[in-house]
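Q: fold the following, please.
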Amino acid sequence: MAKNLMIQGTMSGVGKSILTAGILRVLRQDGYRVAPFKSQNMALNSFVTKDGREIGRAQALQAYAAGMEPSSDMNPILLKPMGDTTSQVIINGLPLANMKAKDYFKRKTDYIPEIKAAYERLAKKADVIIIEGAGSPVEINLRKNDIVNMGLAELLDAPVLLTGNIDPGGVFAQLLGTIQLMPEVERKRVKGLIINKFRGDKTLLEPGLEMFKPYCDIPFAGVVPFVPLDLDEEDSMSERLKVDNRKAAGDAELKIAVVRLPFISNYTDFTVLESLNFADLKYVDTPEGLEDADLVILPGTKNTLADLKWLRETGLFGKIRELAEGGIPVIGICGGFQMLGKSVSDPAGLEGGGTLEGLGLLPVETRFEERKELRQVQAEIGDLTGFYGPLSHTKVEGYEIHMGESVSDEEIFPVITKGTVLGTYIHGIFDSAEFTRSFLGILLEKKKSRFEVPEIEEASVTRERELDKLADVLRENLDFRLIYEAIGL
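A: Next up is the predicted model:
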C-alpha cells in the first residue's frame, strides 16, 4: 500500500490546498507516483471528471500537480452549500441528497466505507498519497466522528504537517493553541509545523522560531513566503470574491463586471479574464457597480431561484435588462444562463419549488429535474450571425454541472445568442484560447479600440508553469528531509 502524509491547518484559508498541490508536484518531480486525497470537501468550485463525476476544483488541481487524471476517488464526499444550513451531498462524484447540516452530521460516519474504498483504490496506483484536511483539526465540538482531520489521520495511519497562516497575524498562537487542544495521541502524529504566506524579511521571524521551542517541541518544517500564483483556490476564503461597486478603473481598455451572486459557484471560470493586463474585472452586488461596464457576466450559482429573487431585490434585475437592451454585452454561464431566459421552474422542489420569471433576454425556458447533468464538453460553435458572428466555428471545451433542462426553439448547445446576449452551460469556456481571443476581439471592436487582441495562453500551459513555480518555492523554503522522513521515504 502507498505511504501517506496529511496536511492540516489551524483554520480555513491557511493554504492547505496549494501546499498539498506543491508537495505533490515536488514528489512527482522526484520520481514518485503520487495522488491527492480529501475525504470531505465543502466547496462551490467544482470540477467534472472524464467519467462524469463531480469533485472539488482543488482536488482536480492537485491531480494535475500529481500528473494524474482527476478522479472521484480523490474527493469521495463533496458538500455544496445551498443555504446556511443545507447542502447538496455528493458521494463518489454523484448527488445523493440535499441535507440539513444536523442530519448530515448524524449520518456522516455511514460514509466511512466509501472513504476507505476510494483511498484504497488510489493506494494501488500511487507510491505516496498526500491527504488534505479541512478547516481546523481541533473544533472540539465536532471531534466525535471526525472523518476529515485527525479522525481520518487515525483511520489511515497518516503522519501530519500542521500549517498556520501568518498573514492575518497571531501565527504562533494559532499553532500552539491547535497543538494544545489535541489529545496526546493526536499530537504525536504531528511531525512538523509550517508557517505559510509570509511577507517581508524572514530574518525578523527567525528569533520567534527559537522562542517557540520551550512551548512546543515539534520542529518547524519551513516558512513559505507569500507568492502570487495563477492557480485555482478554494472559494470560501478567496480574496478574489470581494465586491467592488465603484466605477471601473478609468485607464482599463475593457471593464468587466461579474455579478457577485450570494450562491456564486465556479468563479474560476473567470481566471483568464482576471489575468488580462488591459482589463479591469471586478465583482459587484449593486446596480451602481455595473456602471461603465463593457461586459456584464452572470456566473454560475448553486441556487438559481434564490439568486434570481436576489437580483430583483437589489435592483440588479432591471439594471441588467436595461444594459442589455442598450447594447452592452451580457453573458450568462450555467445558472446565470438560466436566469437570462424567460422562466425557471422547480416542480420537484429541489430549490424550494415554484416558478420565477427570468430576465427574458434569451428565448429559453428552464425546468429543474432530479437528474444532474455532469459531463466534460468539447465542441465547435456553429454558424452565428450578428454581434457574435466572429465566434462561429471556434472550438470550446469545459464541463457542465446543472440540474435544470433548458428548452428553446433555437439551437442552445454549445451557446445561444440574441443581440449582445450570450448564454452557455459550459464552465471553463474562457479557458479555450481560440474562443476567448475571438470574444475579446468582439468587445474591443465594439469599443472601436485600437488595442490589439493579445495571444491567449491555454489554461493548461499556465497551470503547468505555475505548478512548477510553486514546487520551486517549496523546495527552497521547506525541509524536505524532514518531510521525507515523516512519510517514511
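
Q: gap between Leu290 and Leu298?
A: 11 Å (CB to CB, to the nearest Å). The way it works is simple: take the backbone N, C-alpha and C, and place the C-beta from them, glycine included.

Q: now do the shared contacts for the two.
A: Common contacts of Leu290 and Leu298, defined by CB atoms under 8 Å, 6 or more residues apart in numbering, comprise Ile320.

Q: for the spatially most central residue of the chain, which non-adjacent residue is spatially closest?
A: For the chain, the residue nearest the mean C-alpha position is Asn45 (3.3 Å; CA atoms, centre = their mean). With sequence-adjacent residues excluded and distances taken as CB to CB, 6 or more residues apart in numbering, Asn45 is closest to Arg57, at 3.9 Å.

Q: quick one: the helices in the stretch 101-250 of the chain?
A: 101-107, 112-123, 150-156, 171-180, 184-187, 206-211 (DSSP state H, counting those that start in this stretch).

Q: which parts of the fifth one are buried?
A: In other words, helix 184-187. Using 16 or more other CB atoms under 10 Å as the test for burial, helix 184-187 gives 186-187.

Q: ranges for the strands of the stretch 1-150 of the chain?
A: Taking DSSP state E, counting those that start in this stretch as the criterion, the stretch 1-150 of the chain carries its strands at 3-9, 34-37, 40-42, 46-48, 54-56, 77-81, 86-91, 94-100, 128-132.

Q: quick one: which of the ones you listed is nearest Glu322?
A: strand 77-81 (31.2 Å; CB to CB).

Q: tell me which other helices or strands that closest one touches.
A: Packing partners of strand 77-81 (3 or more CB pairs under 8 Å, 6 or more residues apart in numbering; DSSP states H and E): strand 40-42, strand 54-56, strand 86-91.

Q: residues in contact with that strand?
A: 39-44, 46, 54-56, 87-91, 93, 104, 108, 111, 114-115, 147, 263, 265, 302.

Q: buried by neighbour count, from those: which ones?
A: By 16+ other CB under 10 Å, the contacts of strand 77-81 give 39-44, 46, 54-56, 87-91, 93, 104, 108, 111, 115, 147, 263, 265, 302 as buried.

Q: neighbour-wise, which of Leu290 and Leu298 wins?
A: Leu298 (28 against 22; other CB atoms under 10 Å).

Q: quick check: chain neighbours aside, which residue is closest to that one?
A: Using CB to CB, 6+ apart, the nearest residue to Leu298 is Gly336, at 2.9 Å.

Q: on the three-state scheme, that neighbour is what?
A: helix (DSSP: H, G, I helix; E, B strand; the rest coil).

Q: what about it, neighbour count?
A: 28.

Q: please name the nearest non-neighbouring residue to Leu96.
A: Nearest to Leu96 is Val89, by CB to CB, 6+ apart, at 4.7 Å.

Q: give the contact list for the residue nearest to Leu298.
A: 259, 261, 297-301, 423.

Q: turn those residues into TSV, including secondary structure and pLDDT.
A: Output for these, formatted as TSV (DSSP: H, G, I helix; E, B strand; the rest coil; pLDDT from 0 to 100):
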residue	secondary structure	pLDDT
Val259	strand	98
Leu261	coil	97
Ile297	strand	98
Leu298	strand	98
Pro299	coil	98
Gly300	strand	97
Thr301	strand	97
Gly423	strand	98
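
Q: mind picking the two most distant members of these?
A: Most distant of these, by CB to CB, are Leu261 and Gly423, 15.4 Å apart.

Q: reformat the strands of the stretch 1-150 of the chain as CSV; add mean pLDDT.
A: What follows is these, written out as CSV (pLDDT from 0 to 100):
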stretch, mean pLDDT
strand 3-9, 98
strand 34-37, 98
strand 40-42, 96
strand 46-48, 97
strand 54-56, 97
strand 77-81, 97
strand 86-91, 97
strand 94-100, 96
strand 128-132, 99
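
Q: go through these and pick out the most buried.
A: strand 34-37 (a mean of 28; mean count of other CB atoms under 10 Å).

Q: name the helices or strands packed onto that one?
A: Using 3+ CB pairs under 8 Å, 6+ apart, strand 34-37 is in contact with helix 16-29, helix 57-66, helix 112-123, strand 128-132.
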